[in-house]
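Asker: any chance you could fold what I've pasted below:
(2 chains)
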Protein chains: 2
Amino acid sequence: MSMAFGKVDGLTESFIERLRKAVAIPSVSAQDENRQDVFRMAQFLASELEALGAEVHQRPLGKQPGKEHLDLPPVVIARYGNDKNKRTILVYGHYDVQPALKEDGWATEPFQLTVDNQGRMYGRGSTDDKGPVLGWLNVIEAHKKAGVELPVNLLCCFEGMEEYGSEGLEEFIQAESKGFFKDADAVCISDNYWLGTEKPCLTYGLRGCNYYSVSVAGPAQDLHSGVFGGSAHEPMTDLVHVMSKLVDTHGNILIPGIMDLVEPLSEEEKALYPNISYTMDDLHQSLGSKTSIHPTKERTLMARWRYPSLSLHGIEGAYSAPGAKTVIPAKVIGKFSIRTVPNMESKDVNKLVFDYIKAEFAKLNSKNTLDVWLQHDGKWWVASPKHWNFTAANKAVKQVFGVEPDMTREGGSIPVTLSFEQATGKNVLLLPMGSSTDAAHSINEKLDKRNYIEGVKLLGAYLHYVAEEPMVAA
Amino acid sequence: MSMAFGKVDGLTESFIERLRKAVAIPSVSAQDENRQDVFRMAQFLASELEALGAEVHQRPLGKQPGKEHLDLPPVVIARYGNDKNKRTILVYGHYDVQPALKEDGWATEPFQLTVDNQGRMYGRGSTDDKGPVLGWLNVIEAHKKAGVELPVNLLCCFEGMEEYGSEGLEEFIQAESKGFFKDADAVCISDNYWLGTEKPCLTYGLRGCNYYSVSVAGPAQDLHSGVFGGSAHEPMTDLVHVMSKLVDTHGNILIPGIMDLVEPLSEEEKALYPNISYTMDDLHQSLGSKTSIHPTKERTLMARWRYPSLSLHGIEGAYSAPGAKTVIPAKVIGKFSIRTVPNMESKDVNKLVFDYIKAEFAKLNSKNTLDVWLQHDGKWWVASPKHWNFTAANKAVKQVFGVEPDMTREGGSIPVTLSFEQATGKNVLLLPMGSSTDAAHSINEKLDKRNYIEGVKLLGAYLHYVAEEPMVAA
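Answerer: Got it, this is the predicted structure:
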């Protein structure tokens, strides 16, 4: 392993050059005019992988739904090593990026990797997710050049539509779980971020999301509040009353039964929190205000990661422009979502939500009509952090960074995580490369040189420890 | 009077022709490209009035605020008769119209008066407000042609910006109340509608309107509900809670003290309601639903006319588009208004509203910040229906239509009413010509031939009775 590490240091400039080439391809999946660049980026990856000796395929996904004049970018899949005596690790990343324009406020050209004197490498896609994707290629190259055999078989799944809803990917993963990916023993995804800037983390959980609409309708058309105010039941009044019954100021979900679905906090889980490298100042800085609900970092992180939350997003059909309009809207649709956690099953949550909202509306005694429905749901995900996949990553962090990684969950969702778990039935690990300050999706996206180069070592070390871990079920 | 009435019948076709010419001029005040048409319409009115022997002026109002490349249309003012022994009646109307396009769904060309076999005269401005304005001209012509002297002096004030906020008019009325309008003994405005289709009404009251904004702000920028849901006070949650405390489903205003400001219902006033020609079916038809709050027409009309109401109009800053977005809005601004009635003074209402909202927000114990302010207010108006101005109109209705008019108020506001009352200090009467089915501001606007022709007689009879009424203070 140390021979390969030495090579990583020696290859630093060539690894940065690889990233420079990748960033220079504006593979923006959301913009039609860049679709050829997304294809170019797929070809770049495929060529690099082939040059390293991998078996590579660019798998077409057909036409883009809703934009049938566009071909979806291919999934670049690759195999490096085919030794039945080795474990096989399936790694995922994406080679498309968010849009970026210099005019948006970038200090540098977004598609030109620019390294400053503190080693911050600015460029669209540097951290999300070209750096991590190239990390795997760099691991292979370092091993080859060091003359060290990769201790595992590597399967790659690199998609080109992640920033635009991963069109077609779930079906592809499902199909290939019995095909190209069938040997996978575990999955590793590098597409999220450290909690802070100093300490790597391993992510073992994500919240799900149930998104609801609740509509209240009355008159056949919008009414003038002067003419009709006081004489008719107003849908907006009813909706606001119903929405006010969902959650309180302190984030407590007021729908009876929801909290009963939540897995109780064990002492073991509780013990994970105090050591996590995070402070209330970190929260206040990211909020840009001190409007935190909880007094401690532990309770804050639990609220984000392992407890559900309910947010009111807005109201469709009401007056939402600046200024003043004396309208009584005829039909209004409230939008809210519940972030779900173990063991909240979507259908149970739906039933509690629907029953409660209908009961609260019935209490109002209004002649208006209410409807409530689920817009979409996505399940939470929690992996066992005691699985060898995590143990290996833990050892790798200690080896490369000399610290125990933060064991984190995330409040949001990364749907591909669940897709891999469900399709392969294997343990999935989220092993981020970038830090919390990388500004993915924002202007001045960057990846620190340390995170990139030590990150390559981390991925390599992870593969070594994976090979060494005993064969036990998690 | 009967001689003049006979002339009206004889002149029917020529009166319709006058309306046809007026409708043909697309004097849309809201559209820059029609500004010359608005001026043309002013010239048309001025020419017609001059041809009838009136002293006419077109008074410029300067540049349009915010659109300084446009001249405001003139106020056409006129005097017909200058006999110190006669009463002087100031009449108001407007010669501009709402926009109209055939494509909007008109069955006929909007700027081409089209009379169907039931005597419905379709055309933009037919009822709002060219028909009523020409009504006064027709009265003068009928008297002239009948050789009957007009029993009063007539002052006209016809504006060309009513559909675009009556820019500059209030100041103009204020100034001319000591000038051109100084002799006015009473004011008559014909720019509203009968409550139904069969029975004329006299309108003696309007509600005012206090429009409020209430903002709640927390984080420095919108947040992702996955990442932050559960850890920060959400402005939308707080705002919805505060808004839910303002009014209940049954239209009851929940702000303590507001109802104490309302003038108690006297037996005399109460007695006006049962005879009013209005049914719950009429309400349900205009709502397009049966979502009425009150069981009787009396209570319904009182709720619209003589009690305050509070409507929630919408929320600025929250997610209002169709679809789903998992945003925690950083700052949201709720909009609501209170329709005011005697004796609610704006400053008293404001204090009650501000104190209550701040107190309710304080109860939430949120770290977010709340602000609440008045966007604009307009005072309610109530005239004495026992004034000779109303008595004369009452007799005129009985003379022309053979029925006692409905004594009505309106739930909305007609700001010019208050402007005239405050500037002249004289009694103001709202004497509508059109019916409730005329669809002013909508497609297929029309004025029924009966309303127009009998309406001319009504205006004429009103002037005769005005001359006869005894000189007593109202």
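Asker: what about A:Lys297, distance to chain B?
Answerer: Distance, A:Lys297 to chain B, using CB to the nearest CB, to the nearest Å: 10 Å. All C-beta atoms are positioned from the backbone trio N, CA, C, and that covers glycine.
Asker: which residues does that residue contact?
Answerer: Shown in contact with A:Lys297 (CB atoms under 8 Å, 6 or more residues apart in numbering or on different chains): A:Tyr273, A:Ile276, A:Tyr278, A:Thr279, A:Met280, A:Asp282, A:Leu283.
Asker: pairing partners for the closest residue to A:Gly230 other than its chain neighbours in the sheet, please.
Answerer: Distance criterion CB to CB, 6 or more residues apart in numbering or on different chains; nearest residue to A:Gly230, sequence neighbours excluded, is B:Ser309 at 3.3 Å. Following DSSP bridges, B:Ser309 is listed with bridge partners B:Arg339.
Asker: quick one, what contacts A:Trp380?
Answerer: Counted by CB under 8 Å, 6+ apart, A:Trp380 has contacts A:Gly205, A:Leu206, A:Arg207, A:Gly208, A:Thr340, A:Val341, A:Pro342, A:Met344, A:Ser413.
Asker: in the stretch 101-250 of chain A, what spans have low per-residue confidence?
Answerer: By pLDDT under 70, the stretch 101-250 of chain A contains no weakly predicted segment.
Asker: kindly report the residues of it close to chain B.
Answerer: Contact residues, the stretch 101-250 of chain A versus chain B (CB under 8 Å from any CB of the partner chain): A:207, A:209, A:211, A:218-221, A:223-234, A:236-238, A:240-241, A:243-244, A:247-250.
Asker: of the contacts of A:Trp380, which belong to strands?
Answerer: A:Gly205, A:Leu206, A:Gly208, A:Thr340 (DSSP state E).
Asker: list just the nearest of those residues to chain B.
Answerer: When these are compared for distance to chain B (CB to the nearest CB), A:Leu206 wins out at 8.4 Å.
Asker: about what we covered before: now the buried members of the contacts of A:Lys297.
Answerer: A:Tyr273, A:Ile276, A:Tyr278, A:Asp282, A:Leu283 (16 or more other CB atoms under 10 Å in any protein chain shown).
Asker: and those residues as TSV, adding secondary structure, distance to B:Phe361 and pLDDT?
Answerer: TSV is the format used below for the buried ones among the contacts of A:Lys297 (DSSP: H, G, I helix; E, B strand; the rest coil; distance: CB to CB, whole Å; pLDDT from 0 to 100):
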residue	secondary structure	distance to B:Phe361	pLDDT
A:Tyr273	coil	32	94
A:Ile276	coil	34	94
A:Tyr278	coil	30	93
A:Asp282	helix	28	91
A:Leu283	helix	23	93
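Asker: so which of the residues you listed reach chain B?
Answerer: Of the buried ones among the contacts of A:Lys297, the ones that also sit near chain B (CB under 8 Å from any CB) are A:Leu283.
Asker: please identify which of the buried ones among the contacts of A:Lys297 is nearest to chain B.
Answerer: Minimum distance to chain B across those is 6.5 Å, recorded for A:Leu283 (CB to the nearest CB).
Asker: ok, the closest one touching B:Leu223?
Answerer: No - counting by CB atoms under 8 Å, A:Leu283 stays clear of B:Leu223, with 11.1 Å between them.
Asker: how about the closest residue to A:Leu261 other than its chain neighbours, what does it touch?
Answerer: Nearest-residue entry for A:Leu261: A:Met344, 4.4 Å, with adjacent residues in sequence omitted and distances by CB to CB, 6+ apart. Contacts for A:Met344 (CB under 8 Å, 6+ apart) come out as A:Gly208, A:Ile258, A:Leu261, A:Val262, A:Pro308, A:Trp380.
Asker: for A:Glu267, see how far away A:Met344 is.
Answerer: Distance of A:Met344 to A:Glu267, given as CB to CB, to the nearest Å: 22 Å.
Asker: do the same with A:Tyr465
Answerer: A:Tyr465 is 28 Å from A:Glu267, by CB to CB.
Asker: what about A:Gln221, neighbour count?
Answerer: A:Gln221: 12 surrounding residues under other CB atoms under 10 Å in any protein chain shown.
Asker: what do you get for A:Lys325?
Answerer: The burial count assigned to A:Lys325 is 16, neighbours taken as other CB under 10 Å.
Asker: residues touching the residue nearest to it when sequence neighbours are not counted, list them.
Answerer: Once flanking residues are discounted, A:Lys325 sits nearest to A:Tyr319: 4.8 Å by CB to CB, 6+ apart. A:Tyr319 is in contact with A:Lys325, A:Val327, A:Pro329, B:His313, B:Gly314, B:Glu316, B:Lys335, counting by CB under 8 Å, 6+ apart.
Asker: rank those residues by pLDDT and give me only the lowest.
Answerer: Lowest-confidence member of the contacts of A:Tyr319: A:Lys325, scoring 88 (pLDDT).
Asker: can you pull the contacts of A:Tyr204?
Answerer: With CB under 8 Å, 6+ apart, A:Tyr204 has these contacts: A:Val382, A:Ala383, A:Ser384, A:Pro385, A:Phe390, A:Met407, A:Thr408, A:Arg409, A:Leu429, A:Leu430.
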